[in-house]
Each structure stands twice: as structure tokens, then as C-alpha cells.
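Asks: give me coordinates for this.
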Amino acid sequence: MNFDIAAGVEGSNPLLNILIFAAFVVITLVIVFRASRNTKTASDYYAAGRAFTGPQNGIAISGDYLSAASFLGIAGAIAINGYDGFLYSIGFLVAWLVALLLVAELLRNTGKFTMGDVLAFRMKQRPVRAAAATSTLAVSFFYLLAQMAGAGGLVALLLGVEGGGAQAIVIAVVGIIMIAYVLIGGMKGTTWVQIIKAALLIVGALVITLWVLGKYNFNFSSLLQAAVDKAGKAGETLLGPGKQYGATGTSKLDFFSLGIALVLGTAGLPHVLMRFYTVPTARDARRSVVWAIVLIGVFYLFTLVLGYGAGALVGPDTIKKAPGGVNSAAPLLALELGGPVLLGLISAVAFATILAVVAGLTITASASFAHDVYANVVKRGKTSPDSEVKVARITAVVIGALAIGGGILANGQNVAFLVALAFAVAASANLPTILYSLFWKRFNTQGALWSIYGGLAITIVLIVFSPAVSGKSTSMIKTVDFAWFPLSNPGIVSIPAAFILGWLGTVLSKEHDEKKYAEMEVRSLTGAGAEKAVAH
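Replies: Residues are numbered from 1 along each chain as shown. The predicted structure is shown next:
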């Protein structure tokens, strides 16, 4: 699911696409301005004043989660690889069960604004918060880089903007709009952008799904047969496993490793975890995840029709030859069905997707730095909420500028490994530490530091020396080969290693605060004391 796109789609109307996108930006900026009127305290800026209901937050979570890779990448993967492409959807969806059953309610009850609040609850504040912020910034930056680089590719595909300079300008514009959302509206404004974007994305996917099914008399079997016929001799392979991941033992292991990272990484993604703090009660946190599961599940069912529909109506050969390869499947399907107008609407939804996701990532990263590093590490908890929010806003500008620069540098590269790296880091560094903190009485500061820093280091080293970076025609650096780790995703090694490091660091340290764990256990399971923690 990489974004290496080089030219516009024949038959599209770039001016129409730009006008539709501009209308979305203007409308959402007005909503963000209105939402910002009530953003006065740190709780308002970080957690939207905990004023969103479960259903509202569930829609926003689905907006945060359904990135451009989900929309364009999975539809394209299904169009080209059939069953194996749909396995991405299954992995992303099953991941929410981990979040629902193990993380959502407990995290909301224990924390205040960030993941660092939970991890530092019964441990030494400064080192653990610094580690949590480091991990949060790493995940957020890799995810941001992929989305910003994807913006340049989407522009080339949907708006017909060619040339590195022109695409760099568009990446900068996306970054500036993102920074405006975060600075003006805080979490409240960003949440409303997520809600609008999720509604647009799901409704747009529903319209195309019904349109495609209507062409085959709402008979899904007829659609599958049409996709098989269009693919020619290799058509039958679209309906069973193995087309993409079954060629060798290594490819099967690679898929298993990717699957582990996807399923476990979601519950450790900081921008998803931060959403649980925007609701007033633990019950609303649970309802949020249930709503998110339903909406995301429905959307991924739509991608099944979008993917096979693109394969049947456009054809895999046309998709692979089009600018952007597999990522052009959904836009080409929209063009085939509804001409330039439908393509324009889809382009607006794609841009809305990128804008909303990068805004959510930026506010998460800036909140983690301001709340964990500045307020609790540098100032040792002796700072006012106003100065904390000011630092968060400054950090948002810095992160936005770095994301713009990184996106411009990565534009045109294979950035799929950045998304895999974000999930792998979240699953390796964040999830073991969160689960140990919530469920293991003996867990302590040294264990937390070993699992976070160890998981982060192992993941990055294995990714750098994997085929995702060098040694293959699909690698980021094609001209050299320094890959010694055979798998493109390190999850199968890095996740168990992080759990082991967390255990080892804990048993080698004598630190143990049983009383504080008992307090954390009561609060996480009942919510008792959580409101008091929020208020002070």
C-alpha cells in the first residue's frame, strides 16, 4: 500500500476536484472556529472537555483509524490480489477486539490526557513519561510521514499536479491546514473534523458499493465472476488465499508477522488511545469502541465490493498501469461509474481523510510532548495549564513543519514500510508496557523503560535492515542491498522481545509499589477517583 504516483488520471477534472476539496476545507474550518470558542482549559484542548458522547467519539475514532491507506490501499489490494488483499481489512478490524476488551475502559479510568499518565501512575514519573513521549512521537512521526507523502501522490493522481515542486507545494498546503485545525480547535475542533470526514468516507463508499452491486443485480457472486473473467488466466487466484502471500514460506511468515503487528498495534496507537479521554465516563469509552467497530467493520465490507468492483469494471491490468498503481483502483472505479463528478467527490474524501488523520496525529504528539515532557519532566509538575497548552500549540507547529519537510523528502518513495513501522512500534513498545502496567502487580519502572526503549530500538533496527528498505525492486532504496533480516515487518520478533524485556527488567529490579498498584487496579476497573484526577 505505497503511494508512488506520478501523473493525473485521464478523464478527471482537476479544477472540479480542487473546488470540491476547497469547499470541504472552508466548511470544516468554520466548524473548527466555532468549536474553538469553548477551548479555554488544558482539558478542553487535550480532551475536548470530555464533552463527546460515546456514539460521537466512536464516529471520530473510525475517522482517525480509516486513513488513506485504508481507503485507497485496501481497495487496490483486493482488486489486484483478491482474498489476500482482504486479509488487511480483517487484520485491521480484529485489532479492535484487543482495544475493546483489554484497553479502552481501563485506560480511560486510569489516565488523564496521554498514555504517559497511565504508565507513570505507579512508577517514577520523569523517566517513564520521557519514554512514553519518545514512543508516542516516534509512532506519530512515522504515521505522519506516510500520510504527508501520500498527500503528494494523491494530488498527482486526483488533481493532475505533476512535478516535484508542485507536489511539494500541495504537501505544504495540507500541512498548513492541518496545523490550523490543531491550533484553532484543539481536540474539540479536530474531533468534529474526524466526525465529518468519517461520515463522508462511509457514505461515499456506500454509494459506490450500491452502484457497483446494482450493475450486477445485487448478486455478489456475479460480481466475483466478473472480476475473475476480467483478470484472465490468473482470475481464479483472486478467490482463494496465496496470490500475494503464499508463494514461499518467507512470504507466509511475513504475512503472519504483519498480521500480529496490525492486530496488536492498534491498541497501542497513541492517537487512538487519546480518543478515550474525550468522553465523560467509562461506559462512554466502551460505547465508543463498539460504535467504532461497527462503522469500521461496515466500511471494510464496502472495500470488498470496491476492490472486486474495480477489478471487474476497470481491470487489474489497467489499474497496475495507471498512475499510482494499486492506489488508483477506487478513483478509477469512481471515474468509470460516475465520471469526473464522482471522481471529484472521491478526491475530496481522500483529501479529507489525510487532513483528518494528520490533525489527529499532530495533536496527540504535541499533547504528549507538552504534558509528559514539558509539564512533568522539565517543570516537574509545577506549571500552569495555560503555559502547558501554549507549549502544546508551539509543538504542533514544529511537528507540522517537520511533517511537511519529511513528506516532501519521502514523496514518490515507497512509504508502506512507514505505516508498518508505526504499527510495529506501537505493538512492540507501547502495548506490552500498557498491558503490564494494567495487569501485572510486580511491574516497575525499569521494566517499563526496557520494554519501551527496547521494543522501539529492536523494531527500528530490524526495519532498517529489512527488504522494506533495501534489496528489492519494491524497496525504498533500490540501488543497494544491506538487508539481513528476511521479513518486511519485524512484529513476529520485536513484539515478543519487548514483552520479554519488560519482564526481565522488572525481575532484575527490586522496586515494587504494591499499594499504588492496588489503587490503580481499583481505579481502572471501577473508575473511582478518575473524575477527581481529571479535575485537579
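
Asks: just the element for the residue lying closest to Gly54 once chain neighbours are set aside, please.
Replies: Excluding the flanking residues, the one nearest Gly54 by Cβ to Cβ, 6 or more residues apart in numbering is Arg287, at 2.8 Å. (C-beta placed from N, C-alpha, C; glycine too.) Element membership of Arg287, judged by DSSP states H and E, is helix 282-313.

Asks: average pLDDT across that helix?
Replies: For helix 282-313, mean pLDDT rounds to 87.

Asks: check which helices and strands that helix sits against.
Replies: Applying 3 or more Cβ pairs under 8 Å, 6 or more residues apart in numbering; DSSP states H and E, one finds that helix 282-313 contacts helix 54-65, helix 74-81, helix 83-98, helix 104-110, helix 164-215, helix 220-231, helix 329-368.

Asks: least reliable of those helices by average pLDDT, please.
Replies: Note on the helices and strands packed on helix 282-313: helix 104-110 shows the lowest mean pLDDT, a mean of 74.

Asks: residues in contact with that helix?
Replies: 115, 117-118, 121, 273, 276-277, 279, 282, 285-286, 288-289, 434, 438, 520, 523-527, 530 (Cβ atoms under 8 Å, 6 or more residues apart in numbering).

Asks: just how off-centre is the helix holding Arg287 within its chain?
Replies: Chain-centre distance of helix 282-313: 15 Å, with Cα atoms, centre = their mean, to the nearest Å.

Asks: name the residues of stretch 54-68 that are buried.
Replies: Buried residues in stretch 54-68, defined by neighbour count with 16 or more other Cβ atoms under 10 Å: 54-68.

Asks: wait, which of these is closest to Ile495?
Replies: Minimum distance to Ile495 across those is 20.1 Å, recorded for Tyr65 (Cβ to Cβ).

Asks: residues in contact with that closest one?
Replies: Counting by Cβ under 8 Å, 6+ apart, Tyr65 touches 92, 266, 272, 292, 296.

Asks: residues in contact with stretch 190-206?
Replies: For stretch 190-206, using Cβ under 8 Å, 6+ apart, the contacting residues are 24, 27-28, 31-32, 35, 48, 52, 56-57, 59-64, 66, 71, 181-182, 185, 278, 295, 298-299, 302-303, 306, 345-346, 348-349, 352-353, 355-356, 359-360, 363.

Asks: how about 7 Å then?
Replies: Stretch 190-206 is contacted by residues 28, 31-32, 35, 48, 52, 56, 59-60, 62-64, 66, 71, 181-182, 278, 295, 298-299, 302, 306, 345-346, 349, 352-353, 356, 359-360, 363 when judged by Cβ atoms under 7 Å, 6 or more residues apart in numbering.

Asks: restricted to buried residues, select those residues in ChimeraX.
Replies: Entered in ChimeraX, the line below selects the buried ones among these, by 16+ other Cβ under 10 Å:
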select :28,31,32,35,48,52,56,59,60,62,63,64,66,71,181,182,278,295,299,302,306,345,346,349,352,353,356,359,360,363
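
Asks: quick one, phi/psi of the closest residue to Gln125 other than its chain neighbours?
Replies: By the measure of Cβ to Cβ, 6+ apart, the closest residue to Gln125 outside its immediate chain neighbours is Asn376, 5.7 Å from it. Per-residue torsions, Asn376: phi -110, psi -20 (degrees, to the nearest 10).

Asks: next: the one 4 residues further on.
Replies: Backbone dihedrals for Arg380, given as degrees, to the nearest 10, come out at phi 50, psi 40.

Asks: and it, how many residues sit next to it?
Replies: Residues near Arg380, counting by other Cβ atoms under 10 Å, number 10.

Asks: quick one on the thing from earlier: which of the helices and strands packed on helix 282-313 is buried the deepest?
Replies: Counting by mean count of other Cβ atoms under 10 Å, helix 74-81 has the highest mean neighbour count of those, with a mean of 28.

Asks: which residues does that helix contact?
Replies: 1, 85-86, 88-89, 243-244, 303-304, 306-308, 310-311, 316, 319-320, 326-327, 329-330.

Asks: surely Val389 meets Tyr45?
Replies: Yes - if you go by Cβ atoms under 7 Å, Val389 and Tyr45 touch, sitting 4.8 Å apart.

Asks: neighbour count for the two, which is higher?
Replies: Neighbour count, other Cβ under 10 Å: between Val389 and Tyr45, Tyr45 has more, with 29 against 23.

Asks: find the nearest non-adjacent residue to the more buried one, please.
Replies: Nearest to Tyr45 is Gly186, by Cβ to Cβ, 6+ apart, at 3.9 Å.

Asks: so who does the one you found touch?
Replies: Contacts here follow Cβ under 7 Å, 6+ apart; on that basis Gly186 touches 36, 39, 44-45, 363.

Asks: and those, which is closest to Leu213?
Replies: Distance to Leu213, by Cβ to Cβ, is smallest for Ile363 among the contacts of Gly186, at 37.9 Å.

Asks: contact partners for the closest one?
Replies: 182, 186-187, 190, 396.

Asks: hmm, try it at 10 Å
Replies: Contacts for Ile363 were tallied using Cβ atoms under 10 Å, 6 or more residues apart in numbering; they are 45-46, 140, 178, 181-183, 185-187, 189-191, 271, 274, 392-393, 395-396, 399.

Asks: got it, and Thr479?
Replies: Ser470.

Asks: right, and Trp211 touches Leu342 too?
Replies: Yes - counting by Cβ atoms under 10 Å, Trp211 touches Leu342, with 8.6 Å between them.

Asks: which neighbours do these two share?
Replies: Common neighbours of Trp211 and Leu342, using Cβ under 10 Å, 6+ apart, are 333-334, 336.

Asks: quick one: the nearest residue to Ala95 once chain neighbours are set aside from Ala131, how far?
Replies: Among residues not flanking Ala95 along the chain, Thr266 sits closest, at 3.5 Å (Cβ to Cβ, 6+ apart). Counting by Cβ to Cβ, to the nearest Å, the gap from Thr266 to Ala131 is 21 Å.
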